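1. Provided below are the primary sequence and the corresponding predicted coordinates.
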Amino acid sequence: MLKDLSRIRNIGISAHIDSGKTTLTERILFYTNRIHRIQEVRGKEGTGATMDHMELEKERGITITSAATYTSWNDHHVNIIDTPGHVDFTIEVERSLRVLDGAILVLCGVAGVQSQSMTVDRQMRRYRVPRLAFVNKLDRSGANPAKVSEQLRDKLGLNSVLMQLPIGLEADHAGVVDLVKMKALRFEGDNGEHMLEEEIPADMRDEAEAARENMLDAVSLFSDELTEAILEEQVTEELIHEAVRKGVLSLELCPVFMGSAYKNKGVQPLLDAVTAYLPSPLDVENTGVDLSADEAPIVLESDSGKPLVALAFKLDETRYGQLTYVRVYQGTLAKGSSIVNARTKKRVKVGRLARMHSDKMEDIESAGSGDIVALFGIDCASGDTFSDESVQIAMSSMHVPAPVISLAIKPTDQKAQDNMGKALGRFVREDPTFRAGVDDESGQTVISGMGELHLEVYIERMKREYNVDVETGAPQVAYRETISQRAEFDYTHKKQTGGSGQYARVAGYVEPLDDGTEFEFKSEIRGGAIPTEYIPAVEKGMQASMDKGGLIGFPVIGVRVVANDGNSHSVDSSDMAFQICARDAFKGVYPKAKPAILEPVMKLEVEGPNEFQGAYIKGIMQRRGTIIGTTEEGGFCRVESEVPLAEMFGYATDLRSASQGKAEFTMEFSRYLTVPADVQTELVEKAREKEAKA
């Protein structure tokens, strides 16, 4: 068990797809002697990088699941989680950032800040994760780290400060100048393992002096001692390190480092920065709620002697059974001890405890505060809190985005039905953004997720891991319904069938909500027109009726219901009577409130050669897209737009054809918008046809 918590670093490596996160992690593991041979993401004979351990990851050359490992550098214990860049697997980034103390934001030296860089930055802000930036791929044509640093300021609003300068760029990239030490760092050996400190090249001296002055100006804002030392010309490396660390921990400074992970340059200084500037568990305040004190907030202490509190943030099915990744926030998790699941109140025994290195493991006896480890054979869900029996504390779970796309699937033979059920049960437990269920009307099994690739990967995994071939139906977009004007209701529910009957009357109005809230209920009942004990039943009935709208059968959102009058009967009124009354009242008022269909609109970013820019824009416009902006640089252009998800199926093939396979795109959910009138008419007609067939 680790005693000195100040020497633990829990870090994530996050970025836009194909920025070099996994390649960087591979170098970190090599330089810290965790592995003895570097594997590339798209390795020979499909060997793949260490952290991409799934066959699918090796074949596609992308990271699909976050992978955990640990290593040591400068007498520090570093837990690392390598996260996917593709937006379809965004939950992997969410759950990793939920439990990490710091992060490295990797950026491509050519493309700079891209759409997923913005998403990752938003996620880091959500969990208040301090970060360093690493500008990668300086060996690539068009690399410009100074421009990327400016984009961090302009596009992400980060106070970015260059801590290094590149020695040469593109094919001439030879190393970096360290602006703290004022030394040139070069990387020799077959894999850049020997870092040499030299004098700064004479032709770079003036540039380095100016860059150091800018860096000192920026970081001195976080230290009065450094400001004084600058005035007295007695600046020391320690003073700079202290000031930078203070700025990083307060989330007010983002130091920028640089290099080329693929060419083995600049990784060791980045590791030095991780241990020098990113927080230890002692530097981060973690809170939970005390279930024994009305869910009062409680600050957890990174103290291994306190009662245990740990969060299960990721589940994985392995040949050894369910593997549960946990972050220990307080206390000690020991093999053989009993722990309690705060959600289910079930007591379980810790049978096996391990540290993970991608898909390999090392058994351990105990883990203390601040550590990230794995448990075996514990039945739980992602986001569950475990504690010992002396406390009842729960941690808040991670933000889970709602799925935007669905697909009907059925196994090709009856024998595969059971295996499909097992596969879906496991995938749903592992991934909160993946849903599976049976459609009430058609009886079909429907899976839902974050995008085409997300569902494609799970279908492929069913085939490989469970030997289940499935047939898929047409993709279904997760539409929503809403109302667009105020409408009043006054409904009486009356039923008499021998003995006590049912009676309830509810009156009021519905109106649209424009602030993104899905549902709001307000009671303005005066003088006991509806007895207080029945008002929750009215709310429950209204909310239940919004599960399925009257236009195309999708959930209704963006509605405020105000109940202001009603009536009850001393014998015939009940909770059930008011629920039924509220449900029927909503069904009656809904058509009068001018209902409308909302569709998910995606933020689409296309990047490729300038010569095809017209084709990119034409393709987007043909799909009801709106162009937000275009940028051109070094023969490449980027087109940013918003496009309805319903129009995006098959886009990958069309874009490949339009750009001779040279362009790529990323897409993520942006917001819900009202569909045009002609599209609404078409959707309503299709829904009616489907209903008639059923």
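-> Sure thing, it's come through.

2. what residues sit buried inside the longest helix seen in the chain?
-> If you go by DSSP state H, the chain has its longest helix at helix 677-693. By 16 or more other Cβ atoms under 10 Å, the buried positions in helix 677-693 come out as 679, 680, 683, 687. (Glycine included, C-beta is placed from N, CA and C.)

3. same deal with stretch 647-667?
-> Judged by neighbour count using 16+ other Cβ under 10 Å, the buried positions of stretch 647-667 are 647, 648, 651, 655, 658, 659, 663, 665, 666, 667.

4. what's in contact with it?
-> With contacts defined as Cβ atoms under 8 Å, 6 or more residues apart in numbering, stretch 647-667 is touched by 16-18, 86-87, 114-116, 451-452, 475, 602-609, 612, 615-616, 619, 623-625, 643.

5. drop anything exposed from those residues.
-> By 16+ other Cβ under 10 Å, the contacts of stretch 647-667 give 16-18, 86-87, 114-116, 451-452, 475, 602-608, 612, 615-616, 619, 623-625, 643 as buried.

6. now for this structure, the helix or strand with the poorest mean pLDDT.
-> Across the helices and strands of the chain, mean pLDDT, DSSP states H and E gives its lowest value to helix 55-60, namely a mean of 50.

7. what's the helix or strand for residue 38?
-> Using DSSP states H and E, residue 38 maps to neither a helix nor a strand.

8. for residue 372, see how far away it is.
-> With distances taken as Cβ to Cβ, to the nearest Å, residue 38 is found 24 Å from residue 372.

9. of those two, which one has the most company?
-> The neighbour comparison of residue 38 against residue 372 (other Cβ atoms under 10 Å) goes to residue 372, with 25 against 20.

10. need the nearest residue in space to the more buried one, chain neighbours excluded.
-> Counting by Cβ to Cβ, 6 or more residues apart in numbering, residue 372 lies nearest to residue 79, which is 4.4 Å off, once chain neighbours are set aside.

11. mean confidence for the helix or strand containing that neighbour?
-> If you go by DSSP H and E, residue 79 is part of strand 76-82. On average, the pLDDT along strand 76-82 is 84.

12. repeat that for stretch 501-508.
-> 92.

13. could you dump that stretch to PDB, C-alpha only?
-> Provided in PDB are the C-alpha atoms of stretch 501-508 (Å, rounded to 0.1, in the frame of the first residue of the first chain):
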ATOM      1  CA  GLY A 501     -66.200   4.700  -7.600                       C
ATOM      2  CA  GLN A 502     -63.400   6.900  -8.900                       C
ATOM      3  CA  TYR A 503     -63.700  10.700  -9.000                       C
ATOM      4  CA  ALA A 504     -61.100  13.500  -9.700                       C
ATOM      5  CA  ARG A 505     -61.200  16.800 -11.400                       C
ATOM      6  CA  VAL A 506     -58.000  18.700 -12.500                       C
ATOM      7  CA  ALA A 507     -57.800  22.100 -14.200                       C
ATOM      8  CA  GLY A 508     -54.900  24.300 -15.200                       C
END
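
14. buried stuff in that stretch?
-> Using 16+ other Cβ under 10 Å as the test for burial, stretch 501-508 gives 502, 503, 504, 505, 506, 507, 508.

15. which residue ranges form the strands in the stretch 401-550 of the chain?
-> Secondary structure of the stretch 401-550 of the chain (DSSP state E, counting those that start in this stretch): strands located at 405-411, 435-438, 445-449, 470-472, 476-477, 480-483, 487-495, 502-512, 519-523.

16. tell me what the third one is packed against?
-> Counting contacts by 3 or more Cβ pairs under 8 Å, 6 or more residues apart in numbering; DSSP states H and E, the secondary-structure elements packed against strand 445-449 are strand 405-411, helix 416-430, strand 435-438, helix 452-466.

17. switch the cut-off to 10 Å
-> strand 405-411, helix 416-430, strand 435-438, helix 452-466, strand 470-472 (3 or more Cβ pairs under 10 Å, 6 or more residues apart in numbering; DSSP states H and E).

18. burial count for residue 588?
-> When neighbours are counted by other Cβ under 10 Å, residue 588 registers 13.

19. tell me the phi and psi of it?
-> With angles defined as degrees, to the nearest 10, residue 588 sits at phi -70, psi -40.

20. tell me the contacts of it?
-> When contacts are counted by Cβ atoms under 10 Å, 6 or more residues apart in numbering, residue 588 is found next to 487, 489, 490, 491.

21. most neighbours among these, which one?
-> Using other Cβ under 10 Å as the neighbour test, those are led by residue 489, with 22 neighbours.

22. thinking again about what came up before, and the next element down the chain from the strand holding residue 79?
-> Reading on from strand 76-82 to the C-terminus, the next helix or strand found by DSSP H and E is helix 90-99.

23. now distance to residue 341 and mean pLDDT too, for the helices and strands packed on strand 445-449, in TSV please.
-> TSV is the format used below for those (distance: least, Cβ to Cβ, whole Å; pLDDT from 0 to 100):
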stretch	distance to residue 341	mean pLDDT
strand 405-411	31	85
helix 416-430	14	85
strand 435-438	22	87
helix 452-466	26	84
strand 470-472	33	86
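
24. a markdown table for the ones you listed, including distance to residue 5?
-> Shown next, in a markdown table, are these (distance: least, Cβ to Cβ, whole Å):
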| stretch | distance to residue 5 |
| --- | --- |
| strand 405-411 | 43 |
| helix 416-430 | 30 |
| strand 435-438 | 38 |
| helix 452-466 | 37 |
| strand 470-472 | 48 |
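
25. for residue 128, find the nearest of these.
-> helix 416-430 (26.2 Å; Cβ to Cβ).

26. list the buried residues for the closest one?
-> Those would be 416, 420, 423, 424, 426, 427, 428, 429, 430, for helix 416-430 by 16+ other Cβ under 10 Å.

27. what does stretch 587-600 give?
-> By 16+ other Cβ under 10 Å, the buried positions in stretch 587-600 come out as 589, 590, 593, 595, 596, 597, 598, 599, 600.

28. of all these, which comes closest to residue 145?
-> For the buried residues of stretch 587-600, the residue nearest residue 145 by Cβ to Cβ is residue 600; the value is 36.0 Å.

29. give me the distance between the closest one and residue 402.
-> The spacing between residue 600 and residue 402, counted by Cβ to Cβ, is 9 Å.

30. joint contacts of these two?
-> Counting by Cβ under 10 Å, 6+ apart, the residues touching both residue 600 and residue 402 are 478, 480, 669.

31. do you know which of the helices and strands packed on strand 445-449 lies nearest residue 221?
-> Closest among these, using Cβ to Cβ: helix 452-466, at 42.6 Å.

32. convert that closest one to PDB, retaining C-alpha atoms only.
-> Taking C-alpha atoms only, helix 452-466 is exported to PDB below (Å, rounded to 0.1, in the frame of the first residue of the first chain):
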ATOM      1  CA  GLU A 452     -23.300   4.500 -35.700                       C
ATOM      2  CA  LEU A 453     -19.800   3.400 -34.800                       C
ATOM      3  CA  HIS A 454     -20.800   2.800 -31.100                       C
ATOM      4  CA  LEU A 455     -23.600   0.400 -32.100                       C
ATOM      5  CA  GLU A 456     -21.400  -1.200 -34.900                       C
ATOM      6  CA  VAL A 457     -18.700  -2.000 -32.300                       C
ATOM      7  CA  TYR A 458     -21.200  -3.700 -30.000                       C
ATOM      8  CA  ILE A 459     -22.700  -5.700 -32.800                       C
ATOM      9  CA  GLU A 460     -19.200  -6.800 -33.800                       C
ATOM     10  CA  ARG A 461     -18.400  -7.700 -30.200                       C
ATOM     11  CA  MET A 462     -21.600  -9.800 -30.000                       C
ATOM     12  CA  LYS A 463     -20.300 -11.800 -33.000                       C
ATOM     13  CA  ARG A 464     -16.800 -12.300 -31.700                       C
ATOM     14  CA  GLU A 465     -17.300 -12.700 -28.000                       C
ATOM     15  CA  TYR A 466     -20.700 -14.500 -27.900                       C
END
